[in-house]
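1. Need a 3D model of the following:
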Amino acid sequence: MDGSHYKNIIRKDIDTYLELCEPCQQKQEGIKKGIVVKPIISSEFNSRCQVDLIDYQSQPDGDNKFILVFQDHLRKFVVLRPLKSKRAEEVAHTLLDTFTLLGVPAILQSDNGREFSNRIIKNLKTYWPALKIIHGKPRHSQSQGSVERANQDIKNMLTMWM
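-> From the prediction side, this is the model:
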């Protein structure tokens, strides 16, 4: 892609599609411009990962009502896992599964949701004492900016497919 076309699609066609796509327009209207926060610097894969949940209770897929989003901060590599609930036990089990797949991050950052601040999540440190678990500032989603952006992209994709 050189900026004017991608494969056999020219930029003008893409712009026209985006102008006529109602879900795209609705999502654009909802985008808020926020304050700029100091960026988090990561030096290697798995040095810092962020985890969050996307709530899909209004459009469940069978028993699955949530999506766990696990993102490496440096590479922006994302792992998605369906969840039936956001109980700490299920979240911890899913994180354990993710850690055995990718390895344990040096720092795991989450928001302040009970599913992440629960004793069960903190018990993951018994298996990996070097794991540092930190939580973002309350009611300040910018501290989770990378995974929040991934969440928005995932929601946009799912909206288009559903």
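2. buried set for stretch 68-76?
-> Within stretch 68-76, the residues that count as buried by 16 or more other Cβ atoms under 10 Å are 68-74. C-beta coordinates here come from the backbone N, C-alpha and C atoms, glycine included.
3. Next: stretch 97-114.
-> Applying 16+ other Cβ under 10 Å to stretch 97-114 flags 98-99, 104-111, 113 as buried.
4. what's the spacing between that stretch and its chain's center?
-> Remark: stretch 97-114 is offset 12 Å from the chain centroid, using Cα atoms, centre = their mean, to the nearest Å.
5. hmm, back to that, I'd like to know which of the buried residues of stretch 97-114 are part of strands.
-> 107-110 (DSSP state E).
6. Nearest to residue 89 among those?
-> residue 110 (15.6 Å; Cβ to Cβ).
7. who's in contact with that closest one?
-> By Cβ atoms under 8 Å, 6 or more residues apart in numbering, residue 110 lies in contact with 50-52, 116-117, 133-136, 144.
8. make it 6 Å
-> Each residue near residue 110 by Cβ atoms under 6 Å, 6 or more residues apart in numbering is listed here: 51, 116, 135.
9. can you check residue 48 too?
-> 42, 73, 107.
10. change it to 8 Å
-> 40, 42, 72-74, 105-107, 109.
11. Just put those in CSV and tack on distance to residue 158 and pLDDT.
-> Formatted as CSV, the contacts of residue 48 follow (distance: Cβ to Cβ, whole Å; pLDDT from 0 to 100):
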residue, distance to residue 158, pLDDT
40, 26, 65
42, 27, 72
72, 21, 92
73, 23, 86
74, 25, 87
105, 25, 95
106, 31, 94
107, 28, 92
109, 24, 89
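12. Just put those in TSV and tack on distance to residue 9.
-> Output for these, formatted as TSV (distance: Cβ to Cβ, whole Å):
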residue	distance to residue 9
40	35
42	34
72	30
73	32
74	31
105	38
106	41
107	40
109	38
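13. quick one on the thing from earlier: out of the contacts of residue 110, which one has the weakest pLDDT?
-> Across the contacts of residue 110, the bottom pLDDT score, 80, is held by residue 116.
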